[in-house]
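Chemist: A predicted structure for the sequence below; I have some questions about it.
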Amino acid sequence: MAEAQFTYTQGDTLPVVFWKIDPLINLTGATVTWSLDDADGNDVLDAVPATVANGTYLIDGVSTALTPADGVVFWAPQPGNTAQKGIYRGSFEVTLPGGGKLHSPNKDYIEILVQEAL
């Protein structure tokens, strides 16, 4: 596994995982879920609710206005989601208003590292 795209310390609820769908799709009316597996492929989180970005968010220290047409989704870790240290892989599933589905990333996964709290 390459260097983690998102790093947490046990118990963290930030940073939020913002992800731009590629290729760009207008997500107006879409629903989105987030799934997370451990390094052995076991489900840690299975299709928990995620969000289509629609508002102003602080991303990498920059205030960013987004609409569903920008094709950005996000998952905000909840208490307990980062309780166990380890290497994880995540992905979003988007369901479009017409019923079409896609996973993003569509190649590989979003790499997550949860390191031990000191």
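Modeler: Great, that's in hand. Note that the coordinates shown come from a computational prediction; the quantities given were computed from them, not determined experimentally. Numbers count the residues shown, from 1 in each chain.

Chemist: you'd agree residue 74 is up against residue 51?
Modeler: Yes. Here residue 74 lies in contact with residue 51, judged by C-beta atoms under 8 Å, at a distance of 5.4 Å. Backbone N, C-alpha and C define where each C-beta goes, glycine included.

Chemist: which one's more surrounded, these two?
Modeler: residue 74 (19 against 16; other C-beta atoms under 10 Å).

Chemist: can you read off the pLDDT for the more buried one?
Modeler: Confidence at residue 74, expressed as pLDDT, is 98.

Chemist: please, which helix or strand holds it?
Modeler: strand 72-75 (DSSP states H and E).

Chemist: show me the contact partners of that strand.
Modeler: Outside strand 72-75, the residues within contact range by C-beta atoms under 8 Å, 6 or more residues apart in numbering are 16-21, 27, 32, 34, 48, 50-53, 57, 66, 90, 92, 94, 104.

Chemist: let's see 7 Å
Modeler: 16-21, 32, 34, 50-53, 66, 92, 94 (C-beta atoms under 7 Å, 6 or more residues apart in numbering).

Chemist: what of stretch 45-54?
Modeler: Against stretch 45-54 from outside (C-beta under 7 Å, 6+ apart): 27, 30, 32-36, 66-68, 70, 72-75, 81, 92-93.

Chemist: distance between the ends of that stretch?
Modeler: 24 Å (C-alpha to C-alpha, to the nearest Å).
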